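A.B. asks: Starting from these lines, generate the structure:
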Amino acid sequence: MKYKNYSVDDFLKDDFFVRWVKAPDQQSNKFWDKWLASHPEKTETLLHAKQIILSFKYTHTGELLDEEYAEIFENILKDQPEKPLLLYQIRNQLKSSFTKKLVAAAALVLIISGALLWQYMQNKLTVKDSVQQANYITKTNPKGIKSTLKLSDGSSVRLNAETSIYFPEKFSDSQRVVYLKGEAYFEVAEDNRRPFTVVSGDVETTVLGTEFNVSAYPGENEVKIAVAEGRVKVNEKTSGKDPAFSYILLPYEMATLRFDRQEFKKTRLESAEIFGWKEGIIHFQKASFEEVVTLLERWYGVKFMVGDQKKTMEGKFTGKFENQTLKEVLEAVSFSWEFSFEIKNKVVTIK
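C.D. replies: Just a heads-up that it's a prediction; the model follows:
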């Protein structure tokens, strides 16, 4: 069975998963981090299984022979094989053993009893609960389209073009986690009991209630998190190792993260231009020709045909456009790089 189809019970029975939880190493951490990034819908199931395994911690204070283990547990389980065990039953049936044997056996029995009790409670879950746990929603904007959506906690999310967000229909009682590819502006409803976390590749952005922007497009080496209001924590998504970066951002501060160069920094925003996209404002600040083309393709839902002319497009472009047409923007850009263009059937040909 593939991991993507695993239930909590399947993970508990998987030796590779259990070894990772009990004794993580660099190789297993890398595997599960990569797998979870590719299957974010299994996060809750995997974490549930991990918590159960970690809760089974005990101190082994004695040793029993295999024959003695078998005799003790056969006597304990034979009366009520399908019901959770009670502590007084365990104590009464083990009291005839030596003290050293009783301590070791009781510790192991508590583990078995806990597992049986958990399984019993799982069987009591209603169909409705199971459906709610697995009910996730994916919202995707193609190029040229922006949208706004409301989450179950009252938070508002504005999605930029070519952006995808994955989130549960209803958040759990302990946390609020969404997964983002692209760019979005979040207005998070305050909830001191449940942190709100945006996972974007290897970056986690966590808040309680604030407004901030996350730009993390696949294929681009740079991730930017900028805060408009409140307080945000930004750190590398890790498992069992120290993060490469961890920042606390205040209003008008921004974290810029480049994994290809291992460059991570926090800067002060001089203006609110980075938030302007949600108001229909395009802002170029010393942008290369490739950066201008990438943004315009995404913004207007078009395809550029450039050819060899790209080699001659040197220098940087700075400009601001508010709710203007593609033709108006290209006229300004073409003046700086001295080219002509044609727009036909969603294709821009640079001449």
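A.B. asks: isn't Ser336 right next to Gly315, touching?
C.D. replies: Yes. Under the criterion of Cβ atoms under 8 Å, Ser336 makes contact with Gly315 at 7.3 Å. No exception for glycine: its C-beta is placed from N, CA and C like everyone else's.
A.B. asks: These two: which has the busier surroundings?
C.D. replies: Set Ser336 next to Gly315 and count neighbours by other Cβ atoms under 10 Å: Ser336 wins out with 16 against 9.
A.B. asks: May I see the buried residues of whatever helix or strand that one lives in?
C.D. replies: Element membership of Ser336, judged by DSSP states H and E, is helix 326-337. By neighbour count on 16 or more other Cβ atoms under 10 Å, the buried set for helix 326-337 is 326, 329-330, 333, 336.
A.B. asks: With adjacent residues omitted, what lies nearest to Asp173?
C.D. replies: Arg194 (7.4 Å; Cβ to Cβ, 6 or more residues apart in numbering).
A.B. asks: What's the separation between the residue nearest to Met313 when sequence neighbours are not counted and Lys224?
C.D. replies: Leaving out its chain neighbours, the residue that sits closest to Met313 by Cβ to Cβ, 6+ apart is Phe289, at 3.6 Å. Per Cβ to Cβ, to the nearest Å, Phe289 is found 21 Å from Lys224.
A.B. asks: Flag the shaky bits of this protein, pLDDT-wise.
C.D. replies: 1, 55-134, 239-240, 309-311 (pLDDT under 70).
A.B. asks: Which residues does the spatially most central residue of it form beta bridges with?
C.D. replies: The C-alpha lying nearest the average C-alpha coordinate of the chain belongs to Val199 (Cα atoms, centre = their mean; 3.2 Å). Note on Val199: beta-bridge partners by DSSP bridges are Tyr179, Glu204.
A.B. asks: so it touches Tyr179, yeah?
C.D. replies: Yes. Val199 is within contact range of Tyr179, at 4.9 Å (criterion: Cβ under 8 Å).
A.B. asks: what touches both of the two?
C.D. replies: Residues touching both Val199 and Tyr179 (Cβ atoms under 8 Å, 6 or more residues apart in numbering) are Pro40.
A.B. asks: which of Phe289 and Lys224 has more neighbours?
C.D. replies: Between Phe289 and Lys224, counted using other Cβ under 10 Å, Phe289 has the larger neighbour count: 23 against 17.
A.B. asks: Please name the nearest non-neighbouring residue to Glu236.
C.D. replies: That would be Pro243: by Cβ to Cβ, 6+ apart, it lies 3.8 Å from Glu236.
A.B. asks: cool, Lys150 as well?
C.D. replies: Using Cβ to Cβ, 6+ apart and skipping the chain neighbours, the partner closest in space to Lys150 is Ser156 (5.8 Å).
A.B. asks: show me where the protein has helices.
C.D. replies: Secondary structure of the chain (DSSP state H): helices located at 8-13, 15-22, 26-38, 43-55, 66-77, 87-94, 99-123, 127-134, 289-300, 326-337.
A.B. asks: domain ranges for this structure?
C.D. replies: Domains of the chain are assigned by automatic domain parsing as 3-57, 66-123, 135-271, 280-350.
A.B. asks: ranking these by burial, who's on top?
C.D. replies: Per-stretch averages of neighbours, counted by mean count of other Cβ atoms under 10 Å, single out domain 135-271 among those, with a mean of 17.
A.B. asks: Contact partners for Arg194?
C.D. replies: 153, 171-176.
A.B. asks: For it, give me phi and psi.
C.D. replies: phi -130, psi 100 (degrees, to the nearest 10).
A.B. asks: Next one: it from Arg176, what distance?
C.D. replies: 5 Å.
A.B. asks: that older thread, mind telling me the two of the buried residues of helix 326-337 farthest from one another?
C.D. replies: Leu326 and Ser336 (16.1 Å; Cβ to Cβ).
A.B. asks: Now Arg19: closest residue in space that isn't a chain neighbour?
C.D. replies: Nearest residue to Arg19 in three dimensions, chain neighbours excluded: Ser28, at 7.1 Å (Cβ to Cβ, 6+ apart).
A.B. asks: Please look at that neighbour and Lys22 and confirm they touch.
C.D. replies: No. Using Cβ under 8 Å, Ser28 is not in contact with Lys22, being 10.4 Å away.
A.B. asks: Mutual contacts of these two, please.
C.D. replies: Residues touching both Ser28 and Lys22 by Cβ under 8 Å, 6+ apart: none at all.
A.B. asks: picking up where we left off before, now for Ser336 and Gly315: what residues contact both?
C.D. replies: If you check Ser336 and Gly315 against Cβ under 8 Å, 6+ apart, no residue is contacted by both.
A.B. asks: What segments of the stretch 151-300 of the chain are strands?
C.D. replies: 156-159, 163-168, 176-187, 196-200, 203-207, 211-216, 222-229, 232-236, 246-249, 253-258, 263-268, 281-287 (DSSP state E, counting those that start in this stretch).
A.B. asks: so what does the last one touch, helix or strand wise?
C.D. replies: What that stands for is strand 281-287. Here strand 281-287 touches helix 289-300, strand 317-322, going by 3 or more Cβ pairs under 8 Å, 6 or more residues apart in numbering; DSSP states H and E.
A.B. asks: Let me see the contact set for the residue nearest to Arg19.
C.D. replies: Contacts of Ser28 (Cβ under 8 Å, 6+ apart): 16, 19-20.
A.B. asks: Now distance to Thr210 too, for those residues, in TSV please.
C.D. replies: Below are the contacts of Ser28 laid out as TSV (distance: Cβ to Cβ, whole Å):
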residue	distance to Thr210
Phe16	39
Arg19	39
Trp20	34
